[in-house]
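Enquirer: no FASTA, just this:
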């Protein structure tokens, strides 16, 4: 359709076969003379656009035509940023990054932070559970050897027996498999039902070791707890 | 080897070299997704530092992320 062109008194036909008629008239508001373009297409019958409106539409179209819509460079930048976010998320979700959620009932305490164990020495780490009613353990083992883990009431070391109310327990061990780094989640109750009461009431220690010295990988252990 | 046959920690220079190399490595995880080794990812960083020691025949004892912290770039 002809836009911004004076067609006063003429009837033209566009390439689409739409008949266009332009005529001059006095603007009912301002009284000024203006050109009115009308189409004769049945679907567009009754639609009226002034030269001013059409010129405005053309300006808008021209401005859109000049816009820089998401070039390849822009998309690559977005992709890079997404990659950075993903890296941070991976670090958060594989347990290698300490996380503390202030104001939330859930928090995380790292007990063993990415330890490249290369010997068969037994290590211990303590945890004060007295202020927490519920918690569970997470472990990640990328070592090429299983990790043997024991949980003891505070003061009792590896090899010490302790009375759980019905019997003496000794050397109760859970194996964290060398499975290439999947998360292992377990509850204290899984180690021993008898430990539940002891652990719930105070501090305890964790003793861990490898029977064979690993040559690659790391081991991490942390606790998530709810107040 | 140190006293009583115990392994001694690599030097500060060796740690820094291992860390700098590690932070340039790309790791393919179990889901076949490639991620860069960063100092925020403790597991990966320690894994790659120990790999550097292994590949370069540098003997080292058990160590953890805490042992790397003082050598990390700011």
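Expert: Looks like it came in fine. A quick note: this is a predicted structure, and the numbers were derived from the prediction, not measured.
Enquirer: quick one: low-confidence parts of chain B?
Expert: B:1-5 (pLDDT under 70).
Enquirer: could you state which residue of it sits nearest its centroid?
Expert: The residue lying closest to the centre of chain B (C-alpha atoms, centre = their mean) is residue B:49, at 1.6 Å.
Enquirer: show me what the nearest residue to residue B:26 once chain neighbours are set aside is bridged to.
Expert: Closest residue to residue B:26 apart from its sequence neighbours, by C-beta to C-beta, 6 or more residues apart in numbering or on different chains: residue B:34 at 5.2 Å. (Each C-beta comes from the backbone N, C-alpha and C, glycine too.) Under the criterion DSSP bridges, residue B:34 forms beta bridges with residue B:28.
Enquirer: ok now do residue B:34, which residues does it touch?
Expert: B:26-28 (C-beta atoms under 8 Å, 6 or more residues apart in numbering or on different chains).
Enquirer: most neighbours among the residues you listed, please name it.
Expert: residue B:27 (19 neighbours; other C-beta atoms under 10 Å in any protein chain shown).
Enquirer: now for that one: which residues touch it?
Expert: Neighbours of residue B:27 in contact, by C-beta under 8 Å, 6+ apart: B:34-37, B:44, B:48.
Enquirer: only whichever of those residues are buried, select them in ChimeraX.
Expert: The ChimeraX selection below is limited to those of the contacts of residue B:27 classed as buried (16 or more other C-beta atoms under 10 Å in any protein chain shown):
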select /B:35,36,37,44,48
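Enquirer: quick check: the farthest pair among the contacts of residue B:27?
Expert: B:34 and B:48 (13.9 Å; C-beta to C-beta).
Enquirer: elements contacting the helix or strand that residue A:75 is a member of?
Expert: Here residue A:75 sits within helix A:72-93, counting by DSSP states H and E. Under the contact criterion of 3 or more C-beta pairs under 8 Å, 6 or more residues apart in numbering or on different chains; DSSP states H and E, helix A:72-93 touches strand B:34-36.
Enquirer: circling back to that earlier point, need the contact list for the residue nearest to the centre of chain B.
Expert: A:116, B:15, B:18-19, B:22, B:68.
Enquirer: show me where chain B has helices.
Expert: With DSSP state H as the definition, chain B shows helices at residue ranges B:12-22, B:42-55, B:65-68.
Enquirer: could you verify my assumption that residue A:224 touches residue A:136?
Expert: Yes - between residue A:224 and residue A:136 there is a contact under C-beta atoms under 8 Å: 6.0 Å.
Enquirer: can you list residues touching both of the two?
Expert: By C-beta under 8 Å, 6+ apart, no residue touches both residue A:224 and residue A:136.
Enquirer: distance of the residue nearest to the centre of chain B from residue B:34?
Expert: Distance, residue B:49 to residue B:34, by C-beta to C-beta, to the nearest Å: 19 Å.
Enquirer: could you list the low-pLDDT ranges of chain A?
Expert: In chain A, residues with pLDDT under 70: A:1-11, A:13-20, A:38-49, A:66-70, A:91-106, A:130-134, A:154-160, A:162-165, A:180-203, A:225-227.
Enquirer: so where's the longest strand in it?
Expert: The longest strand of chain A (DSSP state E) is strand A:106-116.
Enquirer: buried stuff in that one?
Expert: Buried-residue list, strand A:106-116, by 16+ other C-beta under 10 Å: A:107-116.
Enquirer: also stretch B:9-26?
Expert: B:10, B:14-19, B:21-23.
Enquirer: ok, now stretch A:145-154?
Expert: A:145-153.
Enquirer: right, and residue A:118 touches residue B:59 too?
Expert: No - the criterion here is C-beta under 8 Å, and residue A:118 misses it with residue B:59 at 9.4 Å.
Enquirer: between the two, which is the more surrounded one?
Expert: More crowded of residue A:118 and residue B:59, by other C-beta under 10 Å: residue A:118, with 21 against 12.
Enquirer: just confirm that one is within a strand.
Expert: No - if the criterion is DSSP: H, G, I helix; E, B strand; the rest coil, then residue A:118 is coil and not within a strand.
Enquirer: who are the contact partners of it?
Expert: Applying C-beta under 8 Å, 6+ apart, the residues contacting residue A:118 are A:213-215, B:7, B:50, B:60-62.
Enquirer: closest one to residue A:37 out of these, please.
Expert: So of the contacts of residue A:118, ranked by how close each gets to residue A:37 (C-beta to C-beta), first place is residue B:50, at 78.1 Å.
Enquirer: no further queries at this time; thank you.
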